[in-house]
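> structure, please.
(2 chains)
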Amino acid sequence: MDFTPSSAQQMLVSTAREFLRRHCPPERVQAWALDERGFDEKLWCQMAELGWPGLLVSPELGGSGGSMLDVVLLVEQMGYACLPGPFITSAVVVTSLLAAAANADQPKRLLPALASGELIATLALTEENGSGDPDDVALACRVPGRLTGRKLFVKDAHVADVLAVVVRESESLGLVLMPADRRGISRIQLAAISGEKMFEVVFDDVEVTAADRLGAAGHGGALLTPALEAGALARTAEMVGGAQRILDLAVEHARTRVQGGRPIGGYQAIQHACADLVRDVDTARGLLYLAAWKAAEGLPAASDVAMAKAHAAEACLAVARRGHQIFGAIGYCEEHPLHLIHKRIQGAALDFGDAQHHLETVARSIGLR
Amino acid sequence: MDFAYTADEQAFAAEVRRFLAEHPPDRFAVDGMDAGYGSGSHSRPFLRALADQGWLSMTWPKAYGGQERPMFFKLVLLEELALAGAPFGPLAGCWQTADAIIEYGSERLRGEVLPAIARGEATFWQGYSEPGAGSDLLGLKTEARRDGDDYVIRGHKIWSSHAGISRYGLVFARTSREARRSRGFSMFVVPNGTAGMDIRPIRSLTGDVYHYEVFLDDVRVPGDFRLGPEGEGFVALLNGLDSDRLWGRFYKAPAMERVLHQLVEYANTTIVRGAPLARDPFVRRRLAGAAVDVAALRTLFYRVACLLRDGAPITYETALAKVLADETGQKIAKLGMDLLGLWGPLRAGSPWAKLDGHIAHLYQTSLGHTIAGGTNEVLRTTVAVRGLGLPAEAKIR
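Sure thing, here's the model as predicted:
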């Protein structure tokens, strides 16, 4: 047993930490959150130069062939910096989807462009029932045929070149990949408190060709499972990174904010609150790494991923909320970074299955009938 | 990163499971109360059976009769024993004392006490707390004064687990008055039955005896029964506490996993208004949440174990793991009581008791866990001060 990341992983983490400290400071995160588009092409290109979007792509297709553990360590740093943008949806989720469809034509065509960052993709899954469970997908589509209907909570659809749309093809789940600007598709931004860019995507008699289908007919569900697992892990890593940032900021504040003649961190009420932050961050990270390691080793990881995400959803949000209490009034200001990290954690907790969804997976895994 | 046991560790786990299949743990006579930590009851016959396998001394140096097996074998053994609900109460204390004797003990202690531990014959009580020295351990009043080659100990110890049925006490006493509050303490191995020692049981709220108080009225011990250099006892104690908290709580996660299995089975088989209790969404969520808590707890303990194994610095990790272990234990005991309803409070032995009355016992004993071995308040302060570097709270005098 060994909790130490490999030297290559340590290098990835320290590079990411330093790069994001320089290029993704809180002022810029704030500006992106307030800006309607909120996407920095230059930063995306720099990240692509570092090879990040290619982490999960095999070397033959232009990536570096990394594991879910590598991804989780990188995304944890992105969460620490509260980096916005389509990395998770494009480089983790849709990339995993394509990588799972090994022998199809689209992966060979799209993965090199996704790895190089030239292409951005997003997943359109959730519908008006608000569920992230593929079983609840109702949007019907014949392939080939025409598609009419809508998807909700589609992340970064405004910068995506490709939409991966989960549809119901007769009885089974299907996946179709189409250019985001295909005739009949419109993208309407949802106003959210977090600064994350989410969209309602409306399909109005959109043409779907046989070549758009990913994998064989009726096999969409099988492709989707590992991709959603990857998305849940990445969003968990983002929460853990964000919670670690809040812990660091809160401890710094507790050391330097003086009231009653001493730093507030000298009062047990604040000390014990900080100890609880450590408990929540450490446990969330422990379960995250365990689940990511299992996924990376190809072991069955579904219940571990569910545990990690269910726990982080509660624990990291508790860190954010307790953080507000430690910071007092200054944490209530728009210019303070705390609320941005808090809202990111809040959003991540709901994406790819909320705590209740994952707890049900756990309930079944422990043998509850 | 690697979260699996090695092939050797897995083979040892299989060996332990075979032993448990051949020696069903519930057939061993029990001689001391189960305090609910997960190590089961105090059973001398079971301890001797473990000793017969060579497992008590398996990690010791060969010079002291050990096999120099890696420390993780002890974790494997604890995990399997706890999952099986075996009565291995005194085991962790034996290991801890043996480690201290190997590190700090005199040749006489090594020669006399280590073989008795290896045979499963020697068990130990800790004489740390006193009526006036609980969380403020350094406020203790027990004194050990030199008299020729011996020490003469005088004082009053309390909350000593299984003191009345153990063979030796580990008594923490003041050996000199020093300017610095933390200096001038020493640790002694004191054989039970030494003249001047009066050990009295304290009945706990479970109705059973776990704790004792010990009156030491000029108890004479040989000088070479001191553990470590005179006056340096507190440093040794503090260093020992980090590993104490690992070895004293590591088995709580597997033990809680065992309890969860029982509660899942209960929920699956108990019909409430025509449907299994397991179908109640709130019950499902709480049991699943408890399983997540146990899994999270386990990762904390394995991290601590890796740090200890690698000799890496530990500041807050063991304190935090103990806080979480005992609060998780309380949460699961409360969950069990909630699921059992009116049957929850029925004692073992009652014909109507569910799950052998185990949950009621767990519920009661868990109340003491967040106090024993450092209260959760003291430990949270440790996390904040030692782990996060927050300033120690000003002493109010």
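
> taking chain B, what residue is nearest to chain A?
In chain B, the residue that lies nearest chain A is B:Thr299 (2.9 Å; Cβ to the nearest Cβ). C-beta here means a position set from N, CA and C on the backbone, and glycine is covered the same way.

> could you measure from that residue over to A:Met307?
From B:Thr299 across to A:Met307, the span is 10 Å (Cβ to Cβ, to the nearest Å).

> anything in contact with each of the two?
Both B:Thr299 and A:Met307 are contacted by A:Leu287, under the criterion Cβ atoms under 8 Å, 6 or more residues apart in numbering or on different chains.

> scan chain B for its longest strand.
As assigned by DSSP state E, the longest strand anywhere in chain B is strand B:209-222.

> C-terminal to it, what's the next element?
Heading C-terminal from strand B:209-222, the first helix or strand you meet, by DSSP states H and E, is strand B:226-227.

> could you identify the helix or strand that succeeds that following strand?
As assigned by DSSP H and E, the chain's next helix or strand after strand B:226-227 is helix B:233-247.

> on contacts alone, who are the packing partners of the following helix or strand past that following helix?
Using DSSP H and E, the helix or strand that follows helix B:233-247 in sequence is helix B:252-269. Based on contacts counted as 3 or more Cβ pairs under 8 Å, 6 or more residues apart in numbering or on different chains; DSSP states H and E, the elements that helix B:252-269 packs against are helix B:72-83, strand B:275-276, helix B:281-310, helix B:317-340, helix B:358-369.

> and the longest strand of chain B with helix B:358-369, angle?
Here strand B:209-222 runs at an angle of 50 degrees relative to helix B:358-369 (axes from the mean of the first three to the mean of the last three Cα atoms, to 10 degrees).

> other SSEs contacting strand B:209-222?
Applying 3+ Cβ pairs under 8 Å, 6+ apart, we find strand B:209-222 packed against strand B:124-127, strand B:150-161, strand B:185-191, strand B:197-203.

> report all helices and strands that whatever helix or strand comes next after the first one contacts.
Yep, that's strand B:124-127 we're talking about. Using DSSP H and E, the helix or strand that follows strand B:124-127 in sequence is strand B:143-147. Under the contact criterion of 3+ Cβ pairs under 8 Å, 6+ apart, strand B:143-147 touches strand B:150-161, strand B:168-174.

> what mean pLDDT would you report for strand B:143-147?
If you average the pLDDT over strand B:143-147, you get 97.

> quick revisit: most tightly surrounded among the helices and strands packed on strand B:209-222?
For those, the largest average neighbour count (mean count of other Cβ atoms under 10 Å in any protein chain shown) is found in strand B:124-127, namely a mean of 26.

> partner strands of that one and their direction?
Paired strands of strand B:124-127, with direction, are strand B:168-174 (parallel) (DSSP bridges).

> could I get the helices and strands packed on strand B:209-222 as TSV with mean pLDDT?
Output for these, formatted as TSV (pLDDT from 0 to 100):
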stretch	mean pLDDT
strand B:124-127	96
strand B:150-161	98
strand B:185-191	96
strand B:197-203	98
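
> go through the ones you listed and name the closest to B:Gly233.
strand B:185-191 (4.0 Å; Cβ to Cβ).

> figure out how far that closest one is from the centre of its chain.
Here the centre of strand B:185-191 is set off from its chain's centre by 19 Å, with Cα atoms, centre = their mean, to the nearest Å.

> can you tell me the SS state at B:Pro345?
coil (DSSP: H, G, I helix; E, B strand; the rest coil).

> check contacts around the closest residue in space to A:Leu114 that isn't next to it in sequence.
The shortest distance from A:Leu114 to any non-neighbouring residue, by Cβ to Cβ, 6 or more residues apart in numbering or on different chains, is to A:Thr95 (5.4 Å). By Cβ under 8 Å, 6+ apart, the contact list for A:Thr95 reads A:Pro53, A:Leu56, A:Val57, A:Leu111, A:Leu114, A:Ala115, A:Ala121.

> again, only using 7 Å
Counting by Cβ atoms under 7 Å, 6 or more residues apart in numbering or on different chains, A:Thr95 touches A:Leu56, A:Val57, A:Leu111, A:Leu114.

> now swap in A:Ala157 and tell me
Listed by Cβ under 7 Å, 6+ apart, the contact set of A:Ala157 reads A:Thr122, A:Ala180, A:Arg187, A:Phe199, A:Val201.

> what sits against residue 159?
Chain wasn't specified; assuming chain A. Listed by Cβ under 7 Å, 6+ apart, the contact partners of A:Val159 are A:Phe39, A:Pro86, A:Ile120.

> I was thinking of chain B, sorry if that wasn't clear
Residues counted as contacts of B:Trp159 (Cβ under 7 Å, 6+ apart) are B:Ser129, B:His211.

> what sits against A:Val143?
Counting by Cβ under 7 Å, 6+ apart, A:Val143 touches A:Glu169, A:Gly174, A:Val176, A:Val208, A:Ala210, A:Asp212, A:Arg213.

> not counting sequence-adjacent ones, nearest residue to the closest residue to chain B within the stretch 1-150 of chain A?
Taking Cβ to the nearest Cβ, chain B has its nearest neighbour within the stretch 1-150 of chain A at A:Asp2, 4.6 Å off. For A:Asp2, ignoring the flanking residues on the chain, the nearest one in space by Cβ to Cβ, 6+ apart is B:Asp2 at 4.6 Å.
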